[in-house]
Every structure is written in C-alpha cells, then in structure tokens.
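A.B. asks: Dropping a prediction and its sequence here:
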Amino acid sequence: MNSRKLIIALAGNPNSGKTTIFNNLTGAHQKVGNWSGVTVEKKEGVITRHGYELTIIDLPGTYSLTPFSIEEIVARNFVLDAHPDVVIDIIDASNLERSLYLATQLREIDCKVLFALNMADMAKSRGVKIHADKLSELLDVPVVFTVGNKNEGMDALLKKAIELAENTRQTPEGRKVHYSPDIETAVADLQNFIHQVLPEKLPYSERWTAVKLIEDDKIVHERILSLSGDHQQALEAQIRLARQYITDRFDDDPEIIMTDERYGFIAGIVKEAVTASARQRVDISRNIDLVLTNRFIGFPIFILFIWGMFQLTFSVGKYPQEWITACVHALSAALEMHLPDSLFKDLLLNGVIAGVGSVIVFLPNILILFFCISLFEDTGYMARTAFLMDKIMHAIGLHGKSFIPMLMGFGCNVPAIMATRTLESEKDRILTILITPFMSCSAKLPIYIVLAGTFFATRAGTVIFIIYLTGVVLSIITGRLLRTTLLKGLDAPFVMELPPYRIPMAKSVMIHMWERSKMFLKKMGNIILIGSIVIWTLSAFPRHIEYSRNYEAEIQNLQSRGALQMPGDAAARRTLEKETAAAMDDIKGQMQAEHVEKSYMGQLGKLLAPVFAPIGIDWRGSVALLSGFVAKEIVVSTLGILYVARGDNKTEALRTALASSDMTPLSAVSMLVFVLLYLPCLATIATIRRELRSWKWTAFSIGYSTSLAWVMAFLVYHGGRFLGF
Amino acid sequence: MKQLHRQEKEQFTKLFKQEAIDRFEDRLKVVEVFLNFEHHVTVGELTSMIGDSGVSLSPDFVQDTLKLLCCFGFAQKNRFEDGHIRYEHHHLGHHHDHMICMRCNKIVEFENEELENLQLTIAESHGFHLLQHKMELYGICAACMKDHVQIMPLTMTRQGERVVIKDFTCGSEARMRLLSMGLRVGDEVQIITNIGKGQMAIAAGFKRYVIGRGLAQKIRVIPVHKKNVSVGKMDEIHAAE
Ligand SMILES: Nc1nc2c(ncn2[C@@H]2O[C@H](COP(=O)(O)OP(=O)(O)OP(=O)(O)O)[C@@H](O)[C@H]2O)c(=O)[nH]1
Ligand SMILES: [Mg+2]
Ligand SMILES: [Zn+2]
Ligand SMILES: [Zn+2]
C-alpha cells in the first residue's frame, strides 16, 4: 500500500502546549518548559498512522500572524508559505478569548485548520465549560479537546486532522470575520484593485491580502509590492487611500480598529459557546507572584534559590560522585593488576581512565544542576527570574527577558544562545549572545569542583557560587560597555507573559534527566575519549628522551644500597624499607615528570608558559586550558592525565595529585577565573556564529572573552599576592 | 425676586437722576412692580397691580414710564396677535453666571455680587451703559476633574491596587502587541509588583504580564472603585437631560 503523505503543523500561542503534544504524537523529547518561547525553531517528526505518513511540525509560539521576533516569523512563514495540509491550532482553553485571536486569524487564511482545545483540565478547574459543538459550529472549524501533559485526546486529534486533510470541501465563505461596513468597503475596493492589477500572481487569497495590506502588515506589503511590477506606485497609493478611508471614519489606525472588531467577533462566540461558573475563583499564580515577585523579598528569595541550586549541586552531588570515583578506582586497580605492562596499558590507564574517568565522576553534579534548572523551567519560575533580574539587566539597557537565555546558559550555552531568538530587538539579541558565554555552563562545573574542592574543601559550594556570580557581574559590566559603545540602542516597548505556576511532572523531569545523561555519556564516549587519547599521546611521546639525570642508575643504586645495609632488627628494617620505597617513588615520580615535561605536550606547554606564567598557571594548566577549547570537560581530563601521571600511584585521584602539586590556592582561583571567562567551547562558537551570522562578532566574542579572562586572572593573582595570600 | 432685581433698581435710580426725570419716586415704584412680573404685561394690568400695592398712579404715567424704560433699553414693547400691546422687561437682573463642563456638558450656576459690581464699574468707567451681560465659563466640572485626575499611567499605581485600562497612548505597533497578547481597553488589572522603577508585573484575569516601564507609562488606567462612581454620575446627568 502506498501510504499518503500529510504535513501537519502545530501552531498556537506560546506556552499553550504545542511541544507537549508534538512529543506525545511523535515520541520525541523536544524541550518543554513552562514559559513563553521555549521552542525557537521548527522541529519535525515523522510517524505512520492509519496508513498515512504524517510529518508533524512543531512551531514556535506566536500571538498573532503579525510577528515581532525571529521565532514568531518562523511560525508565521511556515503556516503561510509552506502550505501544510492541516494546521492544528493548539488553543489554551483556560485562556480561550485571547487564544481565539490567533485562531480567527488562522481561520481567515485559506488553509485547513483544526482547533485543539488543550489544557482542558485547567479550563475545567477554573470553572469554565466550553461547548465544543457550539464552538465548532460557530467557527465552522473542527474542535478536539486535549490534555497535553496527560496524553489525552491525541488519537482523536490525529483522526480529525486526517479526516480534515482528506476533506475536499473548500474553505467556506462563512468563515470570514465580517468587519463593519466601512471597513468592508475599503477591503472590497482594495481587493478589486488587486484583482485587476495582480491577477494570478498572488501567493494568498485576494481578500486576505487586501485585509493584511490595510493592516499594514510589513511582510505581506513587501511581498505584494515586489510582485506588482509596474503597478507598484498605484498599488501603494491605493493602500494609502484605503487606510486613510478607515482612519478618517474611525479616528484610529486601521489595524487597531480591525483588531477590535475581531475581538468583538470573538466576544460574541465566547458568549455563546462558553459558560463560566459564577463563583469567583482566585488566581493562585497571582497570589504566589505577590510573594515571589514582591518588591522587597522577591530578589532575596531568588538569590537564595540560585545559591541553593549550587549548594545542592555540590554537596548532594558529592556522594554519588564518590561512588563513581570508587568504581573508577576499582576498575583501574583491576586493570593495573591484570594487564601486562605495555604501551596499551599505559594508554588505558593514564590516557583513557585518567582522562575520561576524571570527568565522568561529575555526572551526578551535572544532573543535579540540570534538575534544578528544569525545576525553574517547569514550575514557571524561569519567567519570574527574568522579571526579578530586570533591575540589574536594565543597567546594561537590556530587558529582564534577556536573563532567561543567560540562566539557561548555566546548563548549556548552545540552547541558551538559541533562546535569544525570542528577543524582539536585534541589538538586544546580539548583546545577549555576546554576554551569555560568561554564564558558565555545566561543562565547566567539573573544573570548578576539582579546583574548588581541592583547595577550599569545606567552602567549595560557596566558592563556586561566587565564581558563577562573578560571571554574572562581568557579563553585566561587559554588556554595559558594549551598550554604550558598539551596540547603542533604544528601549523598545516591552511586554512578556508570566505563565501560571505548575507542579513539575515527575515523568518529564525524569525524561529530561535521562536525556541529559545520555548526552553526557555520549560526549564522554567520543569527544572526551578522543581528546584524552590525543592528550595522552602527546604526553607519552616521544618514548625516548634524554633525561637530565640517570634515573635508572639512581634506582639501581637505591635498591642495592637497601639490600646491602639491611639491618637485622625487624623494626629498623621495616623503617628502612619504607624509606627506600618512598625514595624510589620519589625518583620514579621525578622521572615520569621529566618525561612528560620533555614530551610533545611538555614542549607545547613550555611554549604557552610565558602567556600563562603571569597569571600563576604552570605549563600543565596551560595545556589543559588550551585543550578546553574543544570541550570544557577536557580541561579536567588533561589535568587528570598530566597531574596523575606524575605520581607513581596510577590510581591516585586527581584531587590528591593537585593538592600535593605546586599549585597554590591563589593560582587555583586564578585558574578558576580564567576558566570562567575564557573562550567558549567549539559548539558554542559554532552556535554564536550561526545565530549572529557574522564572523566579525564571533571573532570579537572569542577575542574579548579570552583577553578579559587573562586580565581578570592577572588581577586576581597579583592582587592576591599583594595581599599576601 | 425683589432682591434679585435690586441692582437694576439701583441702576434706574442712577439713570433717572442723571436724566433729571421728574416724579422720581413714583417712577421707581412702577419699575419695581414691573420687574416683579416675569411675563408680558399690558399697561392696564400693570396699573392695577400698582394700585393693589397701595399707590395710585394714572395709566398714562405708567405708560410714559414704560416707554422711558423701553427707551433706555430695559424693556420691550410687543404687539400680540390679540391686538394688545404688552411690555416685558429684559431679564436683566434675573440671571446666573454659568460654568459649563466641556466633557459632560453639565451646567453649574453661580452668582457673585462682587463680580456683578465689578462689571458695572468697568462699564461705567468706559461710559458704557450696561444693560445685560452673559457670563459663561468653560472648563471641566468637579466630577469630571476627579476622574480626569484619576486617569493615570499604569506606572503610578501601587502594589495590589486594582485598576481598569482606559486607554493606550503608545504607537500602533506596541498597541497591536498588547492587543494580540490579550490586554485590552476595559480590562481590569491588578498590580502585582511595582517597584517604582523598572518593569512591573500585573495580572488580568488568569493572565499575568510583565510590562516595561516605558510601555507602562503609556497605559492609562483609573482605579476600579472610582470608575463605578463616575459611570453613575454620567448616567444621572444623561437622565437629567
Ligand atoms: N495543565 C496542563 N498543562 C499542560 C498541558 N499541556 C501542556 N502543559 C504544560 O504547559 C507548559 C508548556 O508546554 P509546551 O509544550 O512547552 O508549550 P509550547 O506551546 O510548546 O510553548 P512554546 O514552545 O514556548 O511556544 C508545560 O509546562 C507543560 O507541562 C495540559 O493539557 N494541561
Ligand atoms: Mg514549544
Ligand atoms: Zn452676572
Ligand atoms: Zn463634567
């Protein structure tokens, strides 16, 4: 059987549950979150159902077909120009009146629409009863009830969609919104004119085109004008005439009048199709907001939450981290025992296990961090943080909304930078993209934990919190700097919706964690593994080097001396044996160290040393930082390989190795600061480049962050030294 | 009534004296009674009325006085369809000054003696013989003013306050944005947070919004309870009309 292909687009207001339904339908795990603007690009999923091959498209949310930001343009263009077979408008039933605004606009275009009344549960709990049959009859559009997060109504939805696609009935005339006579006159006149001047060539229906032109829709305007050839001027004059006609009669802009009339039409429908219980219900979210966004306690609570997040990440994460560390130890001890000495064993122990093993132990911490962020996202607190941070963001001329991408940046910079698409002003967007990398992502977390955990054992959580805070502060200073120099801009009118508070669903949080773990492990399996092997190879070769001392002879010497001087007394013998062993370890360690130092890696490190010496970082740290360009986790791998290799005890944990190295707490802080600020990882750079569509800004971002990192680390290091640390 | 016309009487006194008119007291009596009439009156009716008040004057004298009044412009002679000639005095003293509200068209009457006197003095100083004046002050009445003051930008509201959106003064693009997000004129909103600077959070129905200060400045609102009062008043006035 030849299955027929259908394209079904999910459109609707932001935060109405489109992605939830998309995931239900396709089994995908696209990001769902309780705020407006989670989805910023269209996503596809293909399924076969009822003998059809269905391509489901999840679109970003939009309030109307007149877009204000990039992601809304995506949604609009898809609906208007890609000609999907069916458009399902996901309607937030608990917010029917507002949602119907987009719905009536969708009805007006010539495409097959189907309304999914999602969040039917919320509507019910608010005492709103929607008579679907009546609504369907009044709007002349099929209507299906769904509850996205409980996976209810999905089959009915698909069936209706397929039915609709197969229905050959033309879009009925009765569907149009009827405006008042004066507007209808203006529309008809313009429609006539278009019909005469531009026959055949129109991408949209004549009436709709006329309506949009009168509403001064920039995109339609441009498109139609470009099609109109010789008639361009006449058409423009005609449009101006029509607009003037309406303005004269209603004393307001045509788009406003027509919007008002659409709402009038909606009010009529709502009146007939909805019965609301008379009981006045309190909006719980409003009451929670009276506390959480309170002018006095709102901000302290927010700081407390963030601080709690880092404390949790560090302190609770410590336990599973120890278990994994123990496993890694056991594994490497077993390998040590059972494998014969060979280059392969060296690679496995000193390369792969030291490299990958030292990062993989941080999986729990990273998961906890993501867990906390996903709590912010799913409860709806995310949008509130944007509001709470507004005062501070305003210092750099950005709206608080820019803080949403920044907060997401704590998790991972890549989706965070993409989330800037919801910002309406292009300059705001560039600025936000440039400062987001200062929000250190979860990949940097292992570095912080290793360094802070080693040098500030009990206060590590606080130190890490301060590091993150430093990132925020510097991003704000940077923003301020850029705003007053390169990216001057005006305050655009700003309005953002605050979602209702919701209780996060355990299932979706679990799925989120699981996806994160998979991603993390995958990264360990390729980038980090390869990186570790490369680092190890560079540090293990060349195999034969010229040692400055004859270690072999010294070891021999030590052994024979031990045998010679062996006293008869058992206790004395034991002491001596210990001493000899310690001396041996020491010599072997020194030999190993010299080997690494003279390896390719060491040579590279020495090259870098002049750059990093002023900020108190030795050549090992330098190489580690350099390797972090690929992915930040590799910094820890490299440290693992380079530092652990020094000691004879191969299974020695990185932390102990670091503690006994010549790294001081001050140089650790310097390194922390450097890591916090310096160039973002490869994936982030690629994203910055893609989102900004400019190599210039990308290069700027790289150059600026790295020089800032160096300068800050320099200040910290020398400042600290000056103060006597 | 007598009181009301006192000023006119004073005027006559002055005029008559200036013109050195005879039988001053009697003429004044005629004027006094005449001014008491608010309707058209014939000489006969007036004469008998004067007789009623205890002064007996000849109809000729009364007519002569009325002619004099017409001459000065205080009265007017009309020939009616029934053939009678009737006199009416101009409502000279019987007036109020008016304040007219330009918003609700309400008319407030007032009188101020000082003002009246001042007008006379001014006219006199110009050698102007003042017969009549009309004073209308245009403006906003107290009730409308109260509402007017209460229309304020959203930014002036306090936390927890409930207000109704009256108007958007922002550009049409921003207005469209607000409309498409479901915030419209007539919506009742509650202020969740207003710090006095930066963005503010508001709730309308089951929707909550964060609005930038600049935009909030351009959303004009009035407090909820006051709105009902003003609507009530408007109705009263319309009913009165
Ligand atoms: N109570 C209730 N919540 C729902 C329902 N459907 C979705 N949600 C929740 O609504 C929130 C938004 O869901 P999303 O699927 O991300 O919404 P979206 O329309 O894709 O949002 P954008 O991508 O931002 O436009 C999530 O927190 C969901 O858990 C529903 O039927 N009932
Ligand atoms: Mg989505
Ligand atoms: Zn007066
Ligand atoms: Zn008035």
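C.D. replies: Everything's here; your move. Ligands and ions are numbered 1, 2, ... in the order given.
A.B. asks: going forward, measure contacts and count neighbours with C-alpha atoms only.
C.D. replies: OK.
A.B. asks: Please determine whether the longest strand seen in chain A lies in contact with ligand 1.
C.D. replies: In chain A, ranked by residue count with DSSP state E as the criterion, the top strand is strand A:4-12. No. Using Cα under 6 Å from any ligand atom, strand A:4-12 stays clear of ligand 1, coming no nearer than 6.7 Å.
A.B. asks: Residue ranges of each domain in chain A, please.
C.D. replies: With domains defined by automatic domain parsing, chain A comprises A:4-166, A:181-276.
A.B. asks: Quick one: distance of the longest strand of chain A to the chain centre.
C.D. replies: In this view, strand A:4-12 has its centroid 26 Å away from the chain centroid, taken as Cα atoms, centre = their mean, to the nearest Å.
A.B. asks: heading toward the C-terminus, what's the first helix or strand past that strand?
C.D. replies: helix A:18-26 (DSSP states H and E).
A.B. asks: same for that next one, what does it pack against?
C.D. replies: Here helix A:18-26 touches strand A:4-12, strand A:43-49, strand A:52-58, helix A:154-166, going by 3 or more Cα pairs under 8 Å, 6 or more residues apart in numbering or on different chains; DSSP states H and E.
A.B. asks: Of all the ones you listed, which one is nearest B:I202?
C.D. replies: strand A:4-12 (23.1 Å; Cα to Cα).
A.B. asks: sorry, back to before: now do the buried residues in the longest strand of chain A.
C.D. replies: A:6-12 (16 or more other Cα atoms under 10 Å in any protein chain shown).
A.B. asks: Stretch A:530-537 too?
C.D. replies: In terms of neighbour count (16+ other Cα under 10 Å), stretch A:530-537 has its buried residues at A:530-537.
A.B. asks: would you list the residues you listed in a markdown table and tack on distance to ligand 2?
C.D. replies: Formatted as a markdown table, the buried residues of stretch A:530-537 follow (distance: Cα to the ion, whole Å):
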| residue | distance to ligand 2 |
| --- | --- |
| A:I530 | 35 |
| A:G531 | 35 |
| A:S532 | 37 |
| A:I533 | 39 |
| A:V534 | 40 |
| A:I535 | 41 |
| A:W536 | 43 |
| A:T537 | 45 |
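A.B. asks: which residues sit against stretch B:122-134?
C.D. replies: Stretch B:122-134 has contacts (Cα atoms under 8 Å, 6 or more residues apart in numbering or on different chains) with B:73-74, B:92, B:97, B:120.
A.B. asks: I meant stretch A:455-473, not that one.
C.D. replies: A:307, A:310-311, A:314-315, A:438-440, A:448-449, A:452-453, A:659, A:664-665, A:668, A:672-673, A:676-677.
A.B. asks: ok, the residue of the stretch 51-200 of chain A found nearest ligand 4 - contacts?
C.D. replies: Nearest residue of the stretch 51-200 of chain A to ligand 4: A:S180, at 31.5 Å (Cα to the ion). The neighbours of A:S180, taking Cα under 8 Å, 6+ apart as the test, are A:E261.
A.B. asks: Can you list phi and psi of it for me?
C.D. replies: When quoted as degrees, to the nearest 10, the phi and psi of A:S180 stand at phi -70, psi 160.
A.B. asks: cool, and the one 5 residues further on?
C.D. replies: When quoted as degrees, to the nearest 10, the phi and psi of A:T185 stand at phi -60, psi -50.
A.B. asks: What is the burial count for it?
C.D. replies: 15 (other Cα atoms under 10 Å in any protein chain shown).
A.B. asks: So which residues of chain B form helices?
C.D. replies: B:6-18, B:24-36, B:43-52, B:59-72, B:113-125, B:142-150, B:172-180, B:213-217, B:224-240 (DSSP state H).
A.B. asks: Those helices: which one's closest to ligand 1?
C.D. replies: Closest approach to ligand 1 among the helices of chain B is made by helix B:172-180 (14.8 Å; Cα to the nearest ligand atom).
A.B. asks: Show me what the mean pLDDT comes to for the closest one.
C.D. replies: Regarding helix B:172-180, the rounded mean pLDDT is 90.
A.B. asks: Tell me which stretches of the stretch 401-550 of chain A form strands.
C.D. replies: A:495-498 (DSSP state E, counting those that start in this stretch).
A.B. asks: Find the centremost residue of chain A, please.
C.D. replies: Centrality entry for chain A: nearest residue to the mean C-alpha point is A:P415, 2.6 Å, by Cα atoms, centre = their mean.
A.B. asks: how close does that residue get to ligand 4?
C.D. replies: 57 Å (Cα to the ion, to the nearest Å).
A.B. asks: ok, that residue to ligand 2 distance?
C.D. replies: From A:P415 to ligand 2 the distance is 13 Å (Cα to the ion).
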